[in-house]
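> Output the structure for:
(chains A and B)
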Amino acid sequence: MMRRVPALLTATTLLAAATACSGGGSASSSAGTAFDPKSCQGGTLYILNQTSATDEHFDPARIYTSGGGAVPSLVFRTLTTRKRVPGQAGTTVAPDLATDTGTPSDDARTWTYHLRDGLKFEDGTPITAKDVKWGVERSFAPELSGGIPYLRDWLVGGTDYKGPYKGRELDSIQTPDDKTIVFKLRKPEGDFPYVATATQFTPVPKAKDGGTAYERHPISSGPYKVQTHVQDKSLTLVRNPNWSRTVDDQRLACPDRIEATYGLSAAVINQRLSTGAGKDADAVTTDTDLSPAELARISTDPTLKKRTVRGQFGYTNFIAFNTKVKPFDDVRVREAISYAVNRQAVVNAVGGSSLAKPATTFLPDQAAFGYQPYDAFPAGPTGNPAKAKELLAQAGHSNLTITLAHRNNDASQDGPAVATAVQEALKQAGVTVKLQAYDQASYRSVQTKPSTEPGIFLAGWGADWPTGGPFLAPIFDGRQILQDGGNYNFAQYDDPKVNAEFDAINKISDPLQARPRWGALDAELGRQALTVPLFHPVYLRLYGKNVKNTYLDEWRGSYDVAMVSVK
Amino acid sequence: MTELVAEIGDPGAAVSGSPARARQVLRRLRSDRPAMAGLVVTTVLILAAVLAPLLAALEGQDTTTFHTQLLDSARGGVPRGALGGLGAEHWLGVEPTTGRDLFARALYGARISFTVAFGTLVVQLLLGVAIGLAAGFGGRWVDATLGRLIDLAISFPQLMFAIALLAIVPQSFPRPVLLMLVIGLFNWGGTARLTRGQVLSLKSRDYVAAARLSGASPARIALREILPGALPQVLTYAAILLPANMVSEAGLSFLGVGVHPPTSSWGQMLSTATTWFRADPMYVLVPGLSLLTAVLAFTLFADGLRAALDPKASLRGGR
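Numbering: from 1, shown residues only, chains lettered A, B, ... in the order given. From the prediction side, this is the model:
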């Protein structure tokens, strides 16, 4: 569901978080011969990361990924996966274990998949539909928590199901034969193929499943198997002899061996990649972007500049209003703030035009989300304080003082840097802004509980898969206002007509048809000034000098380690 | 050592207010070049901090206005031009990613540094002298109890506790005052121990015994007879505490628990500047050199003052 904003997910979803993707993402090759998928095999790829977020429990039930993740996707194949190509096509779904991306019926309430031929686990036993069913079912076990929340909500009977270990099956998953698996949902979900990319759709052989102990040696269905895994420190993968490109057209799996190191600081990772000494020449990172200061330095060094790739993950940083708190119940006040904001200053505060694009829409500017450009309150790049003053005067607020809540650090771009840029812009419009900082631990819980939610605060949102639904529904669907916490409908906006439109679009299983509807809905919501979109982050990443076929996939904005080569 | 010093020294001379003694101290201080240099620099810096609004107005800038047109947005928001955008408009350049004026921010940062350092000193002296006096003058049990309290204050893991405290207190509480209280509350142990030592050595002197025999109350003896004798040593120690307090404030601000944005302080500036040291060295140098200069100047002056007040030196008849 989200990526950075609500900090909580940040921890769990970080993996997904690899970030972004749209801009450049061109396949690039570095020194030596050009990249050729036919002869790219060999060598060891090193991954230098800050956290092991998704790999902390290397169990497919417990990993929270978007599109299958980076490292998990090397070991765990899923029914569908993200399409492994550069550019916007990388935001679409491709079949993985299945022969197609799924056949919907009953208004997208039933989804049927057929497994392809010749699939085997690392020990040579064939992969069957029952193994996939077992994999999904075990993700409901309370002791294997940590995965995506959607299955519990969507599958018939999912809310009360506690996993298969006590002998109970989930009847809404049917396996009429070894090659066929059918999912019965309690409501239409046209986006089901996107969710079937998650590691919860990985086959797990019942005979080898030791519950929480399974993570010590998860059985591979992908090109690599686990050799050693030291939690939070390192993970070493070697080739799975029972995998070949003939049964998998979505992974090149060039390196013979992959060694991941966790627990490094961002500065160290970027320093090691830029120096590229020894093994670091064969290294990439799946979770570390360039900081503004590093960008400023690298931009004067042509050789380093060449080893930088640009990408974007569908993400929007915005100002959130709680419309239950005065004066933000008054649309004129919200509009005034929308006019007053200086997006150029905000963009500079997070590192300038190379690291962020000014946003006037809530949806990220990528076709996959249904993006349609609009600017409901046109004020130019630096804001229109005069217009803001006029609106405030109309609303009877000539000397308005408000308190803007923000996080106490800038790591997720909702901290003091952005807050002071907003404060300074509103000062031009005669609004005095006091700043209220929250620490990492409390910020998410304070903002996601309506009883403690500030009136105005800095927030951000990213979706678990690239379509309009997961981007808009948690924020604007009135039935998703959660009084006890975990609420992302910050405006506490509840319009039956809008809710009905969400239901209607969820019945559409063709993304191309759904897109214009999401775009139109976003534009309509934008006119009500429920949020002030500020910017869409852009990600710049370095890679080691021997690494080839480096592009940031546009689903997650991260290197696809299944596609890079070090030879 | 301080006890020894007081015993060797002439008890009468230790009492401040003796004109001959004061002249001698001044003369010695004046001939101490490093100390005088420290005094001059300190005075200039304090004047600059006091006159910050005036100086910023002279430059035509303030601490909060963004100058986005001075930044190279495509290059991470680094200031355009050499030396961090230094020029006639911005005397020390501008801050990366915001374009706020560094001269104004450093000046106002000095105000925070000095205010917090002095305010903290007041807290330290009040607590330290009161507790030290009570320990030295009170009975065996009072001394033992307070002595352990002083040990505790000195050995306390103050940084962690300060960070926790600064994180808990509501943000509406004035931040500089809070910093004074927090740094002061954890750093009075040295002053207390020094005061106690002075008191112990002074209270066996003849003039104190005379006062006691003439029927003076214990409070009167403590405040009128002993305290004045202990003060020079304490004040010398205070001069050394001052730069240490500045470093403490900078440290806490550096860790992000100091003043709140958009207020500037040297520690806060250093904290945001560290990642920029290669791309925009000016941004690090401005707060870094300011802090270095101020701490060095204060320390030189304090050291000179200590030497000038040292009675041992007067026994040997020279500086």
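> ok, the residue in the stretch 51-200 of chain A that chain B sits nearest to - how many residues close by?
With Cβ to the nearest Cβ, the shortest gap between the stretch 51-200 of chain A and chain B falls at A:Thr51, namely 19.4 Å. Any C-beta I mention is one placed from the backbone N, CA and C, and that applies to glycine too. A:Thr51: 18 surrounding residues under other Cβ atoms under 10 Å in any protein chain shown.
> Would you agree it is in contact with A:Tyr262?
Yes. With contact defined as Cβ atoms under 8 Å, A:Thr51 reaches A:Tyr262; the gap is 6.2 Å.
> wouldn't A:Ala266 be in contact with A:Ala293 here?
No. Look at A:Ala266 against A:Ala293 with Cβ under 8 Å: they stay out of range, at 11.1 Å.
> so where's the longest helix in chain A?
helix A:511-526 (DSSP state H).
> Ok, chain B next?
Chain B, longest helix under DSSP H: helix B:102-137.
> Report the next helix or strand after the lowest-mean-pLDDT helix or strand in chain A in sequence order.
One helix or strand of chain A scores below all others by mean pLDDT, DSSP states H and E: helix A:7-13, with a mean of 34. Next helix or strand after helix A:7-13 toward the C-terminus (DSSP states H and E): strand A:44-48.
> Using PDB, list the CA coordinates for that following strand.
C-alpha atoms of strand A:44-48 as PDB (Å, rounded to 0.1, in the frame of the first residue of the first chain):
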ATOM      1  CA  THR A  44      29.800 -12.800  -8.600                       C
ATOM      2  CA  LEU A  45      27.400  -9.800  -8.100                       C
ATOM      3  CA  TYR A  46      27.700  -7.900  -4.800                       C
ATOM      4  CA  ILE A  47      24.700  -6.100  -3.300                       C
ATOM      5  CA  LEU A  48      25.500  -3.300  -0.800                       C
END
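> counting contacts, what elements does the longest helix of chain B pack onto?
Packed against helix B:102-137 by the contact rule (3 or more Cβ pairs under 8 Å, 6 or more residues apart in numbering or on different chains; DSSP states H and E) you find helix B:33-50, helix B:52-59, helix B:140-155, helix B:175-186, helix B:189-202, helix B:227-254, helix B:266-273, helix B:281-309.
> Out of the ones you listed, which gets nearest to chain A?
helix B:266-273 (8.3 Å).
> so what's the closest residue to A:Asp289 other than its chain neighbours bridging to?
Leaving out its chain neighbours, the residue that sits closest to A:Asp289 by Cβ to Cβ, 6 or more residues apart in numbering or on different chains is A:Tyr539, at 4.8 Å. Per DSSP bridges, the residues bridged to A:Tyr539 are A:Gly311.
> Looking at A:Tyr539 now. What's its pLDDT?
A:Tyr539 carries a pLDDT value of 90.
> Ok, A:Arg4 next?
38.
> same deal with A:Gly158?
Per-residue pLDDT puts A:Gly158 at 92.
> how about the helices in the stretch 101-250 of chain A?
Under the criterion DSSP state H, counting those that start in this stretch, helices of the stretch 101-250 of chain A are mapped to A:129-138, A:150-154, A:192-195.
> and if you look at the stretch 301-450 of chain A?
With helices called from DSSP H, counting those that start in this stretch, the stretch 301-450 of chain A shows them at A:302-306, A:331-340, A:343-349, A:385-394, A:416-428, A:440-447.
> Can you pull out the residues in contact with the fourth one?
Helix A:385-394 has contacts (Cβ atoms under 8 Å, 6 or more residues apart in numbering or on different chains) with A:332-333, A:335-337, A:339-340, A:379, A:398, A:400, A:425-426, A:428-431.
> Show me where the stretch 251-400 of chain A has its strands.
Secondary structure of the stretch 251-400 of chain A by DSSP state E, counting those that start in this stretch: the strands cover A:257-261, A:283-284, A:308-311, A:315-321, A:356-358.
> what's the least confident stretch among these?
Minimum mean pLDDT among these: strand A:308-311, a mean of 90.
> Distance from the chain centre to that strand, please.
17 Å (Cα atoms, centre = their mean, to the nearest Å).
> Just the C-alpha atoms of it, please, in CSV.
Presented in CSV, the C-alpha positions along strand A:308-311 are these (Å, rounded to 0.1, in the frame of the first residue of the first chain):
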residue,chain,number,x,y,z
THR,A,308,24.4,6.9,-12.5
VAL,A,309,20.9,5.7,-13.5
ARG,A,310,17.7,7.5,-13.0
GLY,A,311,14.3,6.1,-12.2
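> and that strand, what other elements does it pack with?
Contact here means 3+ Cβ pairs under 8 Å, 6+ apart; on that basis strand A:308-311 packs against strand A:539-542.
> Tabulate the helices and strands packed on helix B:102-137 (a markdown table), appending mean neighbour count and distance to chain A.
Below are the helices and strands packed on helix B:102-137 laid out as a markdown table (neighbours: other Cβ atoms under 10 Å in any protein chain shown; distance: least, Cβ to the nearest Cβ, whole Å):
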| stretch | mean neighbour count | distance to chain A |
| --- | --- | --- |
| helix B:33-50 | 16 | 22 |
| helix B:52-59 | 15 | 16 |
| helix B:140-155 | 14 | 27 |
| helix B:175-186 | 21 | 11 |
| helix B:189-202 | 24 | 29 |
| helix B:227-254 | 22 | 12 |
| helix B:266-273 | 24 | 8 |
| helix B:281-309 | 20 | 9 |
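> quick one, which of these is nearest to A:Gly544?
Taking Cβ to Cβ, helix B:281-309 is the member of the helices and strands packed on helix B:102-137 nearest to A:Gly544, at 27.7 Å.
> Quick check: mean pLDDT of the closest one?
91.
> Now A:Ala260: closest residue in space that isn't a chain neighbour?
In space, A:Ala260 comes closest to A:Ile47 once its chain neighbours are excluded; the distance is 4.0 Å by Cβ to Cβ, 6+ apart.
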